[in-house]
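> Let's see this in three dimensions:
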Amino acid sequence: MARLFGTDGVRGVANTELTPMLAMQLGAAGAYVLTEEHAYRPTIMVGCDTRVSGDMLANALMAGICSVGANAVYVGVMPTPAIAYLTRKYKVDAGVVISASHNPVEFNGIKFFNGDGYKLSDEMEDRIEAHIRNGNSGLPQPTGSRVGKIKYRRDAREEYINHSMRQIDTDLHGLKIVVDCAEGAAYFTSVETLRELGAEVIAIHNNPDGSNINANCGSTHMEELCARVVMEHADLGLAFDGDADRLLACDENGHLVNGDEIMAIIGNYMKEQGTLAGDTIVVTVMTNLGFLLMGKEKGIKIDQTKVGDRYVLEHMREIGASLGGEQSGHIIFLNENTTGDGLLSALHLLEVVKKTGKKLSELAKIMEVLPQALYNAGVPNHKKESYNDYPEVKEAIEKLEKKYAGEGRILIRPSGTEPLVRVMIEGKDQKVIDTDARELAELIEQTVL
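Predicted coordinates:
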């Protein structure tokens, strides 16, 4: 049987794969495992993004939490990084986010943070999963006054906004910014923060109705934002994803500025200010080769990990790094929060724009983005790890590896959160790598059935 936890919590289609029953079981088992060594009644904070299934799953999860004698604090719609921060700020024992991040509305997910605001270790996830596979037998079943309670708190987002604003030492007066909230959890916190700091904000996709999250908007659909920036003669555009732990941008000319470029801009500025710990940035193997060349030119050490923000974070903690992230815009400022934080990424990028007086297009020239093609092959979830077991797929990959040896690279990996195998090729000619990546993705999709 496949592992319940993926690289970013438990994910699935809400109400079929991720059911209220499973959410309740996760709440009970998670609360028990996270707090079993405590002699007092523990408290777990719960928040969600804007998708319609959030309330259903949150209430089921909290029922599970209360069933083992723990208390829950429900803060409603809140960015994932806000839950990570508020878990530490309010000194609760754990935090949970109900979100499927950048995925479509039919999906949802359950992600746990420990009391220090970090994602759970594989070992702790395995312990939770073991209880669920055992039907949660043996967990406490308190009665009477020992059953847990739910407290509803609606003021927590203001604390997150205040914390975020304290991380930069400049106001944003004079900047005109288009902000795409992805109809998600950033719809209030991002807009309010930027306006309080003095920016002129044009907000789009900030009217979530439960069904429109990530729908042709946000960091996975940048076309409208880029066009709007040009139309409004704005200084730049910012795009969040559904749970606001990612940020992508576009410059004043409507050109995309991806996560690699954002990290390059901010990382170089931090190095100049003496705040880039170890003069090191931690990234993944998906990072563009141009980023590695930038690091060599600017005297910044680039450490690479497996794909996944949890691996970036683990390595950052190991070496004491202050900045790391992914090309997708999941950027971690470890001195300020314990997970990717789209709002902090936006504020630090805007700080560089404001302090240097340079346009984003000029700042983005710090690195050359080398041609890269990325295609997804849809495969059954239980077969995505074994794509290379098929002879025709293995042969095609080996042929491409020989073709691009010394002139590019090929990276094929199963998605940690979706039933996909991702195919990425870097090379000199965009048309050639597009064709090769698309054909390989199609072969995988047609073969791995």
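
> In this structure A23 contacts I65, no?
No: in this structure A23 lies outside contact range of I65 using C-beta atoms under 8 Å: 10.3 Å. (C-beta placed from N, C-alpha, C; glycine too.)

> Which of these two has more residues huddled nearby?
Legend: neighbour count by other C-beta atoms under 10 Å for A23 and I65, higher for I65 (31 against 26).

> in which helix or strand would I find that one?
helix 53-67 (DSSP states H and E).

> how distant is that helix from the center of its chain?
22 Å (C-alpha atoms, centre = their mean, to the nearest Å).

> List the buried residues of it.
Within helix 53-67, the residues scored as buried using 16 or more other C-beta atoms under 10 Å are 53-54, 56-67.

> who's in contact with that helix?
Contact partners of helix 53-67, identified using C-beta atoms under 8 Å, 6 or more residues apart in numbering, comprise 14-15, 18, 20-21, 23-31, 44, 46, 48, 71-72, 74, 77, 96, 98-99, 108, 110, 139, 141, 147-150, 210.

> Domain map for the protein?
Structural domains of the chain, as assigned by automatic domain parsing, span the residue ranges 10-154, 159-366, 372-447.

> still on that earlier bit, just the ones in strands from the contacts of helix 53-67, please.
44, 46, 48, 71-72, 74, 77, 96, 98, 108, 110, 150 (DSSP state E).

> Make CSV out of those residues and add pLDDT.
Output for the ones in strands among the contacts of helix 53-67, formatted as CSV (pLDDT from 0 to 100):
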residue, pLDDT
I44, 97
V46, 98
C48, 98
N71, 97
A72, 98
Y74, 98
V77, 97
V96, 98
I98, 98
N108, 98
I110, 98
I150, 98
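
> What is the burial count for K306?
15.

> before we move on, what about N258?
Quick note: N258 (other C-beta under 10 Å) scores 22 neighbours.

> If you rank every helix and strand of the protein by mean pLDDT, what lands last?
Here the helix or strand of the chain ranked lowest by mean pLDDT, DSSP states H and E is strand 409-414, holding a mean of 90.

> so what strands line up beside the helix or strand just after that one?
Once strand 409-414 ends, the next helix or strand along the chain (criterion: DSSP H and E) is strand 420-426. Neighbouring strands of strand 420-426 in its sheet, by DSSP bridges, are strand 372-378 (antiparallel), strand 409-414 (antiparallel).

> Nearest to T356 among the ones you listed would be which one?
T356 sits nearest to strand 372-378 of all those, at 27.2 Å, using C-beta to C-beta.

> Contacts made by that closest one with the rest, please.
288, 387, 415, 419-426, 430, 433-434, 436-438, 440-442, 444-445, 448.

> Narrow these to just the buried residues.
Buried residues within the contacts of strand 372-378, counting neighbours by 16+ other C-beta under 10 Å: 288, 387, 415, 420-426, 433-434, 436-437, 440-441, 444-445, 448.

> For the domains of the chain, give me a markdown table that also has distance to R3.
Listed next are the domains of the chain as a markdown table, based on distance: least, C-beta to C-beta, whole Å:
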| stretch | distance to R3 |
| --- | --- |
| domain 10-154 | 7 |
| domain 159-366 | 14 |
| domain 372-447 | 10 |
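
> Those domains: lowest mean pLDDT?
With a mean of 92, domain 372-447 has the lowest mean pLDDT of those.

> Compute the first-to-last residue distance for that domain.
Taking C-alpha to C-alpha, to the nearest Å, domain 372-447 runs 24 Å from one end to the other.

> Quick one: distance of that domain to the chain centre.
23 Å.

> follow-up on the earlier one: buried subset of the contacts of helix 53-67 as a ChimeraX selection?
Selection of buried members from the contacts of helix 53-67 for ChimeraX, criterion 16+ other C-beta under 10 Å:
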select :14,18,20,23,24,25,26,27,28,29,30,31,44,46,48,71,72,74,77,96,98,99,108,110,139,148
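
> Skip the chain neighbours and tell me the closest residue to N288.
Excluding its sequence neighbours, the residue lying closest to N288 (C-beta to C-beta, 6 or more residues apart in numbering) is D260, at 5.0 Å.

> Now do the one you found against A227, distance only.
Using C-beta to C-beta, to the nearest Å, one gets 23 Å for the distance from D260 to A227.

> on that earlier part again, for the least confident helix or strand of the chain, which outside residues touch it?
Residues from elsewhere that reach strand 409-414 (C-beta under 8 Å, 6+ apart): 285-286, 289, 307, 384-385, 387-388, 397, 400-401, 404, 420-426, 440, 444.

> swap in stretch 163-177?
Taking contacts as C-beta under 8 Å, 6+ apart, the residues outside stretch 163-177 that touch it are 85, 89, 189, 193-194, 196-202, 232-238, 333, 336, 341, 343-344, 347-348, 350-351, 353-355.

> So which of the residues you listed belong to strands?
Cross-referencing the contacts of stretch 163-177 against strands under DSSP E gives 200-202, 236-238, 333.

> want to throw those into CSV with distance to F5 and neighbour count?
Formatted as CSV, the ones in strands among the contacts of stretch 163-177 follow (distance: C-beta to C-beta, whole Å; neighbours: other C-beta atoms under 10 Å):
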residue, distance to F5, neighbour count
E200, 43, 16
V201, 37, 21
I202, 39, 17
L236, 37, 26
G237, 35, 29
L238, 31, 28
F333, 25, 23
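
> quick one: which of those is nearest to S219?
Distances from S219 to these, taken by C-beta to C-beta, are shortest for L238, at 9.2 Å.

> residues in contact with that closest one?
L238 neighbours (C-beta under 8 Å, 6+ apart): 177-180, 190, 225, 247-249, 346, 349.
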